[in-house]
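In: Got a predicted structure here, sequence first:
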Amino acid sequence: MISSKMLDALNDQINAELWSAFLYLSMSADFENKGFEGFAHWFRVQYKEETEHALKFLDYINDRSGTVRLHAIKEVPQTWATPLDAFEEALAHELKVTSLIHNLMDIAVLEKDYATQNLLRWYVDEQVEEEKNAQAIIDKLKRVGDGGGLVYIDKELKKR
Ligand code: FEO
């Protein structure tokens, strides 16, 4: 049986994952609007991943006979001046999500909730990937600046 403290924290995380999904969907729409098809595609894929992250928590709560509580999603930003701005915001956001996941793990460890610790290990690894991916694109964007290299990266990200 899952504790009410753990359950509340997991339900909050569903909201955080769905907010992430909205953030990336908003970035995708903005770059689609600006003609950057590759950046738009990359963020659309990221939106889908975040939805999966939320569903994984939702399924787990149901598996443990807990009650899923879906809260309203707060509004997300709508526009970014450059792809670099968006990826820097995405990385900052992922660092925040990493700390949220670590906080969840702290609760699970404190409560000796081994099943939730197992679930969270997947998210700990996933956050390593999330941070790495955003950082790699930031590094490339910084290298190429605003010129033709930006078009090349846009094309490359379409392959994701
Ligand atoms: Fe669900 Fe990007 O962390």
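Out: That came in fine, so what should we check first?
In: Which residue does this structure have closest to the ligand?
Out: Checking the chain residue by residue against the ligand with CB to the nearest ligand atom singles out H53 as nearest, at 3.7 Å. Every residue, glycine included, has its C-beta placed from N, CA and C.
In: Tell me the buried residues in the host helix or strand of that residue?
Out: Remark: H53 resides in helix 37-63, with elements defined by DSSP states H and E. By neighbour count with 16 or more other CB atoms under 10 Å, helix 37-63 contains the buried residues 38-44, 46-47, 49-51, 53-54, 57-58, 60-61.
In: re earlier: who are the contact partners of the residue of the chain closest to the ligand?
Out: By CB atoms under 8 Å, 6 or more residues apart in numbering, the contact set of H53 is E17, S20, Y123, E126.
In: How far off centre is the lowest-mean-pLDDT helix or strand in the chain?
Out: The helix or strand of the chain with the lowest confidence, counting by mean pLDDT, DSSP states H and E, is helix 148-157 at a mean of 92. Taking CA atoms, centre = their mean, to the nearest Å, one finds the center of helix 148-157 at 23 Å from the center of the full chain.
In: same for that helix, what does it pack against?
Out: The criterion is 3 or more CB pairs under 8 Å, 6 or more residues apart in numbering; DSSP states H and E, and the helices and strands that helix 148-157 contacts are helix 37-63, helix 83-110, helix 114-144.
In: so the second one versus helix 148-157, what angle?
Out: The directions of helix 83-110 and helix 148-157 differ by 50 degrees, with axes from the mean of the first three to the mean of the last three CA atoms, to 10 degrees as the criterion.
In: close to the ligand, is helix 83-110?
Out: Yes. Judged by CB under 6 Å from any ligand atom, helix 83-110 comes into contact with the ligand at E94, V97.
In: got the buried residues for stretch 71-81?
Out: Residues W80 are the ones in stretch 71-81 that count as buried (16+ other CB under 10 Å).
In: That stretch: end-to-end distance?
Out: The first and final residues of stretch 71-81 sit 30 Å from each other (CA to CA, to the nearest Å).
In: And for that stretch, what's in contact with it?
Out: Against stretch 71-81 from outside (CB under 8 Å, 6+ apart): 11-12, 15, 18-19, 22-23, 26-27, 30-31, 86, 89.
In: This completes my enquiry, with thanks.
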